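Chemist: Would you be able to build a 3D model of this:
(chains A and B)
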Amino acid sequence: MTYRADPPGTHPPHDYPDYGSTKLRHPTRPLSVLPQRLTELTGPVFGAERVRAGDDDLTNGGAAIGQRIVVAGRLLDGDGYPVPNSLIEVWQANAAGRYAHAVDRWPAPLDPNFTGAGRVATDAEGRYRFTTIRPGAYPWRNHDNAWRPAHIHFSVFGQAFTQRLVTQMYFPDDPLFFQDPIFNSVPDPHARARLISAYDHDASTDHWALGFRFDIVLRGREQTPFEAPQ
Amino acid sequence: MSTPSQTVGPFLSIVLPWPDGPAAVPEGTRGALLITGQLTDGARDPVPDGLVETWQSAPDLFGRCATDTNGTFWFRTVKPAPLPAPDGTVEAPHIDVSVFSRGLLQRLVTRIYFAEETAANAADPVLTSLSAADRALLTAVVRPDGTLRFDIRLQGDRETPFFTV
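Modeler: As a prediction, this is how the structure comes out:
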């Protein structure tokens, strides 16, 4: 069974001039449609075997500097079914907005207790959970006085090549959204809102960490003729 | 209602490269192929912060390689089998490819085909829907040493044909 196309406006265009790095990297010719056949309907399936002990704690046992948080949610397909035992890879800047990466030259302090790399697998109900610190905002050179809103990068596989997704999770009420071309590249405001996590008091842990909920929804399957609306 | 795509950004190498990523099959595997290529932008400059992934069926094999400072990536895999399509046609052996990088707000998808599969390629439903020039761009080049070259040009002259899935 094939996967249905997302509604127009769900995903950013390849050519988005407000985000300068798209200028030399977007295809200039129209894309052809690749029919979904065996290669597209199967996909790499990775789960807990790719996760090592401690990969779900980015704080090095609580030593990392910053506001400690728990990020929890579900990986679902567009029909509401959970995607079980599926690898989620995350990476982020530290509390000062600095990545532990040689190319990041923003002169904010590095934290020896924070690499910003994490891996988790979803459980049988598609749930995942990891502990980290709230990342800081950081400046970049895209436009004058440009600042990225705080975000965590997510990479998920789903169950088919067609469902592969890389995205970013943002935090509620970030005052930097208005000037961020990456967040605003998503045309549909309702779709854009799905990139923003929600504060979740049930996920907060007393005297340990604040909770944020972020559900990730991958493409659903086409309805079969038997399931077509009447 | 799907979660939107966002760029992988410039710091993907914090977690995404796997030590065993480019080796879809172990060294010494019977029939193993080495595929290398360069990821370049519209100015023909290398893309040093990209990630290229491969997926193939029959056998199911996944590869993942971050580009180096020259934009170079590599994979070791085996050639997949032809695949039956529901409409009665047969797809020639092919590998699906995903490309991620800073500046790509969504992944780009393309395919690798094999030059020696002349008859299968001539009947492949995807290749036959494309121009001869695009078919050539999707066909890996065989080097004198038997390894394959598949360059990915994001934009401009000889731009790689990309697909929506």
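
Chemist: residue ranges with poor pLDDT in chain A?
Modeler: Within chain A, the stretches with pLDDT under 70 are A:224-230.

Chemist: Okay, strands next: where are they in chain B?
Modeler: Taking DSSP state E as the test, the strands found in chain B are B:32-40, B:50-56, B:61-66, B:72-78, B:83-84, B:90-91, B:94-101, B:108-114, B:139-142, B:148-149, B:152-153, B:163-164.

Chemist: again with chain A
Modeler: Going by DSSP E, chain A shows strands at A:32-33, A:68-77, A:87-92, A:117-121, A:127-133, A:138-140, A:146-148, A:151-156, A:165-170, A:198-199, A:210-213, A:216-218.

Chemist: quick one, what contacts the nearest residue to A:D180 once chain neighbours are set aside?
Modeler: In space, and not counting its chain neighbours, A:D180 is closest to A:P149: 5.3 Å by C-beta to C-beta, 6 or more residues apart in numbering or on different chains. The way it works is simple: take the backbone N, C-alpha and C, and place the C-beta from them, glycine included. A:P149 makes contacts with A:A137, A:Y170, A:F171, A:D174, A:L176, A:F177, A:D180, A:F183, as judged by C-beta atoms under 8 Å, 6 or more residues apart in numbering or on different chains.

Chemist: who's in contact with the residue lying closest to B:S129 once chain neighbours are set aside?
Modeler: Distances taken as C-beta to C-beta, 6+ apart put A:S32 closest to B:S129, at 6.9 Å, once the chain neighbours are dropped. Under the criterion of C-beta under 8 Å, 6+ apart, the contact list for A:S32 reads B:V126, B:S129, B:L130, B:P161, B:F162, B:F163, B:T164.

Chemist: Mind putting those residues into JSON lines with pLDDT and neighbour count?
Modeler: Shown next, in JSON lines, are the contacts of A:S32 (pLDDT from 0 to 100; neighbours: other C-beta atoms under 10 Å in any protein chain shown):
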{"residue": "B:V126", "pLDDT": "97", "neighbour count": "23"}
{"residue": "B:S129", "pLDDT": "96", "neighbour count": "13"}
{"residue": "B:L130", "pLDDT": "97", "neighbour count": "16"}
{"residue": "B:P161", "pLDDT": "98", "neighbour count": "20"}
{"residue": "B:F162", "pLDDT": "98", "neighbour count": "22"}
{"residue": "B:F163", "pLDDT": "98", "neighbour count": "19"}
{"residue": "B:T164", "pLDDT": "97", "neighbour count": "12"}
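
Chemist: I figured A:S185 hits B:L105, correct?
Modeler: Yes - A:S185 is within contact range of B:L105, at 5.2 Å (criterion: C-beta atoms under 8 Å).

Chemist: intersection of neighbour lists for the two?
Modeler: By C-beta under 8 Å, 6+ apart, A:S185 and B:L105 have these common neighbours: A:P12, A:P13, A:Y16, A:Y19, B:Q6.

Chemist: Pull out the buried members of the residues you listed.
Modeler: Buried subset of these (neighbour count, 16 or more other C-beta atoms under 10 Å in any protein chain shown): A:P12, A:Y16, A:Y19, B:Q6.

Chemist: Chain A: helices as residue ranges?
Modeler: Applying DSSP state H to chain A gives helices spanning A:38-41, A:181-184, A:189-193.

Chemist: List the residues that contact the closest residue to A:R129 other than its chain neighbours.
Modeler: Leaving out its chain neighbours, the residue that sits closest to A:R129 by C-beta to C-beta, 6+ apart is A:A72, at 4.1 Å. The contact partners of A:A72, taken as C-beta under 8 Å, 6+ apart, are A:R127, A:Y128, A:R129, A:F130, A:D200, A:A203, A:G211, A:F212, A:R213, A:F214.

Chemist: Tell me how far the first one lies from chain B.
Modeler: Taking C-beta to the nearest C-beta, to the nearest Å as the measure, A:R127 and chain B are separated by 16 Å.

Chemist: B:R64 and B:P22 touch, don't they?
Modeler: Yes - in this structure B:R64 lies within contact range of B:P22 using C-beta under 8 Å: 7.1 Å.

Chemist: hey, what's B:L33 bridged with?
Modeler: Counting by DSSP bridges, B:L33 is bridged to B:T77.

Chemist: repeat for A:L75
Modeler: Counting by DSSP bridges, A:L75 forms beta bridges with A:I216.

Chemist: B:D151 versus the most centrally placed residue in chain B, what's the distance?
Modeler: Chain B has B:V97 as the residue nearest its centroid, 3.6 Å off, counting by C-alpha atoms, centre = their mean. Separation of B:V97 from B:D151 (C-beta to C-beta, to the nearest Å): 12 Å.

Chemist: A:G61 now?
Modeler: Distance, A:G61 to B:D151, using C-beta to C-beta: 45 Å.

Chemist: between the two, who's got more neighbours?
Modeler: Of the pair A:G61 and B:D151, B:D151 is the one with more neighbours under other C-beta atoms under 10 Å in any protein chain shown, namely 17 against 9.

Chemist: Let me know the pLDDT of that one.
Modeler: Per-residue pLDDT puts B:D151 at 98.

Chemist: residues touching it, list them.
Modeler: B:G37, B:Q38, B:L39, B:T40, B:T160.
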